[in-house]
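# got a sequence here, can you build the structure:
(one chain, ligands or ions: 1)
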Amino acid sequence: MEHSVASTYTESSEFILPGDLNGLGYLFGGKLVSWIDKVGAISAIRHVRGTVVTVSIDNLIFKKPVTNGSVLTIRAAVNRAFRHSMEVGVVAETLAPGAETPVHVCTAYLTFVALDKQGKPMDIPTVIPETDEEKRRFDQALIRRNHRLTLAEQLGKK
Ligand SMILES: CC(C)(COP(=O)(O)OP(=O)(O)OC[C@H]1O[C@@H](n2cnc3c(N)ncnc32)[C@H](O)[C@@H]1OP(=O)(O)O)[C@@H](O)C(=O)NCCC(=O)NCCS
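Numbers count the residues shown, from 1 in each chain. Down below sits the predicted model:
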């Protein structure tokens, strides 16, 4: 079975309120990570049409702070599927009050594993990249996967 990258596309927006901020008046990073994990998981669920768990979040970069009253938009899609796991790419951008154009604030790569009814990793459909951008992400996902698995092995975590 195979699905298009487009069929995994997921987008969600949040209105940033005072309760979301840290002591500096910027969006608390842990809150953003929680939203990223959720939107990424929905993308993975759309791909496997079943249960997934997050196994890793890496290359998470907070590029710019997010301020009170902004509209934060998080987008996710499956970059590449492997045997039991898939890499989901997530980007977040923010539109500050009165701003004309959104600003890219965060990128992250999440790996989700699909689980069967017994809670064991299960085979998943392949994902078909169609656009040039999807093909670039598909190719780069393999490089990132090799890095994360090699690192886990070298550190004796696998
Ligand atoms: C996800 C989990 C079931 C994997 O178990 P496991 O014994 O490592 O299973 P496997 O060795 O068969 O690996 C399963 C998949 O995870 C991938 N994986 C394992 N460790 C990984 C790591 N550090 N980084 C990226 N992928 C990893 C494997 O490559 C494999 O995918 P593949 O078949 O596509 O190559 C287990 O680690 C787990 O339950 N983790 C907790 C998940 C969780 O609670 N998340 C937070 C809440 S959702």
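
# get me the contact residues on the protein for the ligand.
Proximity of the chain to the ligand is confined to 53-56, 82-85, 111, 113, 121, 148-149, 152, 158 under the rule CB under 6 Å from any ligand atom. Placement of C-beta: from N, CA and C, glycine included.

# point out the least confident member of these, please.
Scanning the residues of the chain next to the ligand for pLDDT, the low point is Lys158. It has 68.

# rewinding a little: just the buried residues out of the residues of the chain next to the ligand, in ChimeraX syntax.
The buried residues among the residues of the chain next to the ligand can be selected in ChimeraX (16 or more other CB atoms under 10 Å) with this line:
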select :82,84,85,111,113,148,149
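
# got a pLDDT number for Met1?
On the pLDDT scale, Met1 gets 86.

# residue contacts, it?
Neighbouring residues of Met1 by CB atoms under 8 Å, 6 or more residues apart in numbering: 125-126.

# and the gap between it and the ligand?
Distance of Met1 to the ligand, given as CB to the nearest ligand atom, to the nearest Å: 15 Å.

# from Ile74, how far out is that residue?
27 Å (CB to CB, to the nearest Å).

# repeat for Leu32
Leu32 is 8 Å from Ile74, by CB to CB.

# residues that sit against both of the two, list them.
With CB under 8 Å, 6+ apart as the test, Leu32 and Ile74 both reach Ala92.

# much appreciated, bye for now.
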